[in-house]
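>>> Dropping a prediction and its sequence here:
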Amino acid sequence: MSEPVIEIKNLYYSYGRGQVLNGVSLTVEQGDYVAFLGPNGGGKSTLLKIMAGVIAPDRGSVRVLGRKMPGTPKGVGYVPQEITNGTGLPVTVEEVVLMGRLTAGFKFFGWGKKDRAAAAQALEWVGMGAYLKEQVDKLSGGQRQRVFIARALVDNPSLLLLDEPTSSVDRTWQGRFYDLLAELNESMTIVLVSHDLNVISTHVKSVACVNHTVFHHHSAEITPEMMQKTYNCPVELVAHGMPHRVLALHNHQEEDEDA
Ligand SMILES: Nc1ncnc2c1ncn2[C@@H]1O[C@H](COP(=O)(O)OP(=O)(O)OP(=O)(O)O)[C@@H](O)[C@H]1O
């Protein structure tokens, strides 16, 4: 069997006050399509940032595509959650996507024809081909999210890390995007943070419940027991995407923490 794409052992992380990740161990095998599910503040984005090399763990071992983290992983496409607010930079859509070609150990001699063709292709995949020369901050949050997905795809990664990649995009494009992910999953491992139970149950292969620790269930089935364990309270499962019903039930957990 090939080496796992992600191998995390006994990982701890805090931003200073209060432990966010508490002894997390997780293995993701090649070809998996994992959804991270869990309450607000449970540490999903933090875990993704550690996998992407954005922040370093306080303790524990993290290997991504065979490389020890923290480091600059090659072959990882990452879409952060925050980008819907804009970059604050005077950059075009094409320039943002080309950033995804700056891989580990790369020496920059300027963009070549191949880079520009790859950027144009990635933008076509996400239906943003017409916006190549637009300033990225002029776009809507949903369009910007698609540009950052193109940035993650432009270097043909082996691992795709997506933090709520469709939170701002319209429903029609969401459907096309999940079809695209299914296609990409034939050659890429995918980790997706999502609150949308409907998306999770229809598209992914496995579910990891993240609430300071992680339980990785090697099937896409979401059971009331899993919800109870993850959210620490009874959660009504909804079949057609009303995730806020789930999230709303977490307020009392946060109150418990504050108490
Ligand atoms: N840069 C930061 N500085 C300080 N605290 C932070 C920072 N980023 C996140 N946190 C805190 O760490 C905890 C975990 O946050 P994280 O974003 O990883 O959770 P999450 O499960 O992704 O939540 P959500 O579903 O709301 O996106 C939260 O309490 C959050 O407020």
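Done, it's in. Numbering: from 1, shown residues only.
>>> now the stretch 151-259 of the chain, which segments are flagged as low pLDDT?
When residues are selected by pLDDT under 70, those of the stretch 151-259 of the chain lie in 227-259.
>>> need the helices for it, in chain order.
171-184, 197-203, 224-231, 243-248, 251-258 (DSSP state H, counting those that start in this stretch).
>>> Please list the residues outside stretch 65-72 that contact it.
In this structure, residues lying in contact with stretch 65-72 by C-beta atoms under 8 Å, 6 or more residues apart in numbering are 3, 5, 50-51, 53, 55-57, 61-63, 73-76, 104-105, 158-159. Using the backbone N, CA and C atoms, a C-beta is placed for each residue, glycine as well.
>>> Among those, name the ones in helices.
Among those, the ones falling in helices (DSSP state H) are 50, 51.
>>> Show me which of the contacts of stretch 65-72 are buried.
Using 16 or more other C-beta atoms under 10 Å as the burial test, the contacts of stretch 65-72 include 5, 50-51, 53, 57, 62-63, 73-76, 158-159 as buried.
>>> between those, which is nearest residue 93?
Nearest to residue 93 out of those is residue 76 (C-beta to C-beta; 21.5 Å).
>>> Pretty sure that closest one sits against residue 49.
No. Assessed by C-beta atoms under 8 Å, residue 76 is found out of contact with residue 49, at 11.8 Å.
>>> per-domain residue ranges of this protein.
1-75+158-170+188-259, 85-156 (automatic domain parsing).
>>> Wait, residue 135 touches residue 88, no?
No. Residue 135 lies out of contact with residue 88 (C-beta under 8 Å); the separation is 11.5 Å.
>>> Tell me who's in contact with the residue most central in space within the chain.
Nearest to the geometric centre of the chain sits residue 162, at 2.0 Å (C-alpha atoms, centre = their mean). Residues near residue 162 by C-beta under 8 Å, 6+ apart: 78, 79, 149, 152, 190, 191, 192, 193.
>>> Around the fifth one, how many other residues sit close by?
Residues within reach of residue 190, counting by other C-beta atoms under 10 Å, total 24.
>>> Identify the residues contacting it.
The contact partners of residue 190, taken as C-beta under 8 Å, 6+ apart, are 32, 33, 34, 159, 160, 162, 181, 184, 204.
>>> With neighbour numbers in mind, choose between residue 135 and residue 88.
For the pair residue 135 and residue 88, the greater number of neighbours falls to residue 135 (14 against 7), based on other C-beta under 10 Å.
>>> That one: what's it in contact with?
By C-beta under 8 Å, 6+ apart, the neighbours of residue 135 are 90, 91, 92, 93.
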